[in-house]
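Engineer: Predicted coordinates and the sequence they were generated for:
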Amino acid sequence: MPELPEVESVRVGLEQHVLGATIASVDVLRDSVARRSVSPSAFADAITGASIDAAVRRGKFLWLSLDADAVALSAHLGMSGQFRVYRDDVPVPHSHCRARFTLTTANGPITLDFLDQRTFGYLHAESFVHTADGLAGGLGSASPLVPESVAHIGRDALDPALVRSTVLTQWRRGIRGIKQLLLDQTIVSGIGNIYADEALWRARVNPVTPASALTGKATGGLLDATQQVMGEALAAGGTSFDALYVNVNGESGYFDRALNAYGRGGEPCARCGRPLQRAMIGGRSTHWCAKCQPVGRRS
DNA sequence: AGTAGCACCTGATTGC
DNA sequence: TGCAATCAGGTGCTAC
């Protein structure tokens, strides 16, 4: 479940079910899921026997802190990754199951599956590095550490430590269309294709507006809109259109019913009634209202 | 240094 | 009915 609200619902599920558990065994069902590790067996060896202390997230990057920050079990869900937790009735691994973990807890064993139809997601065992500002590395832990593979991305839209002025400066420094800046995970992480379109619609900013042409008021409004949309989606359990995007219990979120732009090309704009536009921009399908979101808008 | 393009995959849907 | 083309919530490497 790719964007921030969906990954956060997964993080909360992991926090509820696997905190304090010990990793008894790891079964890699498709080698490429551990492609960032030296080998699937090296991945399994690095985490087997470890205890899970925290479930942490920054943007779309998720990790479990093992053995008091000795090792990170990091996970990226890519386009289609899921975690599923089973306690009593453990099914035969799904055809999309790429790795299965067996955990031991005070209340008995748990099975944790990592499913990923399109295989863009991955699991990795790696070291931690310190954050530059010394503040908590992500939501779910007060530790000022992040996995090495997460160090290059910015803080996410809902992180209290996000520095607003820095974001606005970096957005306005870009020459690309503002949508591409929104998707740049090194500035603000967690924004994906759905919420980029939603935030732009809400802030009435055209997706192809050169970022450097935006006023400070416009970028400020865009960051506000991004945070609002993310917060509302999170409260609704995330966005899902089908069984591919579910929480650790296999349940879907409902925010798709509240989307105003994404996936609504040709349908009337909820503000003005004009049919929404749809086009490929920067390789991603993009939806906007030509009337409410004119190019060259000054504020 | 910053940016565009493409590669990485599977599967559902659409169109001929 | 069959088969090819298109599209999908992302990231990261390469080549300009």
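Structural biologist: It's in.
Engineer: Other residues contacting the longest helix belonging to chain A?
Structural biologist: The longest helix of chain A (DSSP state H) is helix A:216-235. For helix A:216-235, the external contacting residues (CB atoms under 8 Å, 6 or more residues apart in numbering) are A:3-5, A:8-9, A:157-158, A:164, A:167-168, A:171-172, A:178, A:182, A:188, A:190-191, A:195, A:198-200, A:202-205, A:211, A:214, A:239, A:253, A:255, A:258, A:297-299. Quick note: C-beta positions are derived from backbone N, CA and C, even for glycine.
Engineer: Now which of those residues would you call buried?
Structural biologist: A:3-5, A:8-9, A:157-158, A:167-168, A:171-172, A:178, A:182, A:188, A:190-191, A:195, A:198-200, A:202-205, A:211, A:214, A:239, A:253, A:255, A:297 (16 or more other CB atoms under 10 Å).
Engineer: Show me the subset of those that also lies near DNA strand C.
Structural biologist: Applying CB under 7 Å from any atom of the strand, the subset of these adjacent to DNA strand C comprises A:3, A:239.
Engineer: What segments of the stretch 101-250 of chain A are helices?
Structural biologist: A:164-173, A:178-182, A:193-203, A:216-235 (DSSP state H, counting those that start in this stretch).
Engineer: What's the mean pLDDT across the shortest one?
Structural biologist: When you say that, I think you mean helix A:178-182. Averaged across helix A:178-182, the pLDDT comes to 97.
Engineer: thinking again about what came up before, average pLDDT across whichever helix or strand comes after the longest helix of chain A?
Structural biologist: As assigned by DSSP states H and E, the chain's next helix or strand after helix A:216-235 is strand A:277-281. Mean per-residue pLDDT for strand A:277-281: 94.
Engineer: Next, find the distance separating the residue positioned nearest the centre of chain A from DNA strand C.
Structural biologist: With distances taken as CA atoms, centre = their mean, the residue of chain A nearest its centroid is A:K60 (2.3 Å). Distance, A:K60 to DNA strand C, by CB to the nearest atom of the strand, to the nearest Å: 4 Å.
Engineer: burial count for the closest residue to A:P294 other than its chain neighbours?
Structural biologist: Spatial nearest neighbour of A:P294, chain neighbours left out: A:N206 (6.1 Å); criterion: CB to CB, 6 or more residues apart in numbering. Using other CB atoms under 10 Å, A:N206 is surrounded by 20 other residues.
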